[in-house]
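Engineer: Sequence first, then the predicted structure, then my questions.
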Amino acid sequence: MKEKPTKNPIAWVNTIFLCGSPIAALALLVVYHVQGSWHWADIALLAIMYMATGIAITAGYHRLYAHNTYDCSPLIEMVYLAFGAAALQNSVLHWASDHRVHHRKVDQDEDPYNINKGFFWAHMGWIFYDSEPDLHFDKVPDLLANKLVCWQHRFYMTIAIATGFGLPLALGFLVGRPFEFFLFGGLLRVVMVHHSTFLINSAAHYFGRRPYSLNNTARDSWWLAFFSFGEGYHNYHHAFQGDYRNGIKWYHWDPSKWLIRSLSWMRLTWRLNRASDERILKAMMRTALAKAEEPISRLPEEWATSFSMRMDECRARWHDAVDVLVEKREEYQVWADSTKALAKRERRLLKIKWHAQIKEAKQRLVIARAEYALLLHELRLQPLAA
Ligand SMILES: [Zn+2]
Ligand SMILES: [Zn+2]
């Protein structure tokens, strides 16, 4: 149900900048076009600055600082802090503090970007009003102990202007295109990164599927992941906020995950947290089974009882299939770690045997899921109770 947003006094600087920057960027883009200034270097700078500042927010502000899903070297932290400031979304301390409240109180009144107060409120409306600032930062004591984070908080505006606008302008003077580089690397890029982040607070709580949890409004959608460096798998993220990945399949578009993982090969990131396969598979099973509860409750009583019994049998088979698969994967890992000294050929043959067993366990899981899908289909065809 849509709740009325709480109205604090208007934060004029935020409001004027958030409304004025897209208009100014558009107007300057028209001037740029009329002057016939199109050049590949401007687009390249826009792409580089969009990626640098966008990923500093997703891999840095979000996954490193707000959720502590991995550790990284101070060098990488400096890059995150400099380019994250350039995204003009406040200091890490403020950002992470708001975001931790969002996770703890999601969809409730205390949630700063509560979607139940409307799409526009969650997108950017909440920034138009002064919120009671958490001056003691009691949600982020770990970050208060980080000297680099405190340095960024202290000099936030200077760092933001120097990296976000000073850097493109300086590069522009070097190549003789100061106006063009300022527009593409500074103003237009800020507007684009703003709205790609804002979409995660609005659209990712509005459009898409909920395969891992029905406990909140967060949803998974691949097209949002495409604009936001992987943050669109938001249902997964709210269910497993300690995981450094948001898209868990190898083909899920999640450049932030790829960056964090690649940096670990160079020993620049480490302690990459992942939710266990068992927890993920069980969350998917619980969510799928919960989706049948409401249609069952609408059946005539005698059918509801028999369907519930069949559902329980299905749940038991599904449970077993998950247990067998998880067990096989764990056994395989123990085997793989303990047999590195085996002869190459022998190891390869045994590996094929293990993979066949895991494949069989996966097929069992697919059959259990298909049985459930059939049952759900049958359930939806039943006439409802009067
Ligand atoms: Zn989060
Ligand atoms: Zn969220």
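Structural biologist: Happy to help now that I have it. Ligands and ions are numbered 1, 2, ... in the order given.
Engineer: which residues touch the helix or strand where residue 180 lies?
Structural biologist: Assigned by DSSP states H and E, residue 180 falls within helix 178-181. With contact meaning C-beta atoms under 8 Å, 6 or more residues apart in numbering, helix 178-181 is reached by 32, 37, 39, 41-42, 45, 168-169, 171-172, 175. C-beta here means a position set from N, CA and C on the backbone, and glycine is covered the same way.
Engineer: same deal with stretch 137-147?
Structural biologist: Stretch 137-147 is contacted by residues 65, 68, 92-93, 96-97, 100-101, 149-150 when judged by C-beta under 8 Å, 6+ apart.
Engineer: What is the most widely separated pair among the residues you listed?
Structural biologist: Greatest spatial distance among those (C-beta to C-beta): 101 and 150, at 20.2 Å.
Engineer: What is the least confident helix or strand in this protein?
Structural biologist: Least confident helix or strand of the chain, by mean pLDDT, DSSP states H and E, is helix 293-297 with a mean of 81.
Engineer: Check which helices and strands it is in contact with.
Structural biologist: Using 3 or more C-beta pairs under 8 Å, 6 or more residues apart in numbering; DSSP states H and E, the elements in contact with helix 293-297 are helix 301-338, helix 344-381.
Engineer: gap between it and the chain center?
Structural biologist: With C-alpha atoms, centre = their mean, to the nearest Å as the basis, helix 293-297 stands 31 Å off its chain's centre.
Engineer: Also stretch 264-271?
Structural biologist: Remark: stretch 264-271 is offset 21 Å from the chain centroid, using C-alpha atoms, centre = their mean.
Engineer: Pull out the buried residues from it.
Structural biologist: With burial defined by 16 or more other C-beta atoms under 10 Å, the residues of stretch 264-271 counted as buried are 264, 269.
Engineer: Need the mean per-residue confidence for it.
Structural biologist: The average pLDDT for stretch 264-271 rounds to 97.
Engineer: got it, and stretch 57-65?
Structural biologist: Mean per-residue pLDDT for stretch 57-65: 98.
Engineer: Then stretch 109-129?
Structural biologist: 95.
Engineer: Show the low-confidence segments of the stretch 1-150 of the chain, by residue range.
Structural biologist: Applying pLDDT under 70 to the stretch 1-150 of the chain flags residues 1-7, 132-135.
Engineer: domains of this structure?
Structural biologist: The chain breaks down into these domains under automatic domain parsing: 12-270, 277-381.
Engineer: winner for burial among these?
Structural biologist: Compared across the domains of the chain, domain 12-270 shows the largest average neighbour count, a mean of 18 (mean count of other C-beta atoms under 10 Å).
Engineer: From the opening residue of it to its closing one, how far?
Structural biologist: 41 Å (C-alpha to C-alpha, to the nearest Å).
Engineer: before we move on, back to that, which residues touch the least confident helix or strand of the chain?
Structural biologist: Contacts for helix 293-297 (C-beta under 8 Å, 6+ apart): 304, 307-308, 311, 376, 379-380.
Engineer: Now residue 263: closest residue in space, sequence neighbours ignored.
Structural biologist: Spatially, and ignoring its direct neighbours in sequence, residue 263 is nearest to residue 269 (4.2 Å; C-beta to C-beta, 6 or more residues apart in numbering).
Engineer: ok, residue 230 - contacts?
Structural biologist: Neighbouring residues of residue 230 by C-beta under 8 Å, 6+ apart: 58, 245-247, 252-257.
Engineer: between these, which is nearest residue 9?
Structural biologist: Residue 9 has its nearest neighbour among the contacts of residue 230 in residue 58, at 31.0 Å by C-beta to C-beta.
Engineer: Regarding the residue positioned nearest the centre of the chain, what are the backbone dihedral angles?
Structural biologist: Central residue check for the chain by C-alpha atoms, centre = their mean: the C-alpha nearest the mean position is that of residue 231, 2.8 Å away. Dihedral angles phi and psi of residue 231 (degrees, to the nearest 10) take the values phi -80, psi 0.
Engineer: how would you label the closest residue to it other than its chain neighbours: helix, strand or coil?
Structural biologist: What sits nearest to residue 231 in space, not counting adjacent residues and going by C-beta to C-beta, 6+ apart, is residue 200, at 4.9 Å. Put simply, residue 200 is helix when judged by DSSP: H, G, I helix; E, B strand; the rest coil.
Engineer: how close does residue 200 get to residue 57?
Structural biologist: Separation of residue 200 from residue 57 (C-beta to C-beta, to the nearest Å): 10 Å.
Engineer: hmm, who's touching stretch 24-35?
Structural biologist: By C-beta under 8 Å, 6+ apart, the residues outside stretch 24-35 that reach it are 38, 179-180, 183, 187-188, 191.
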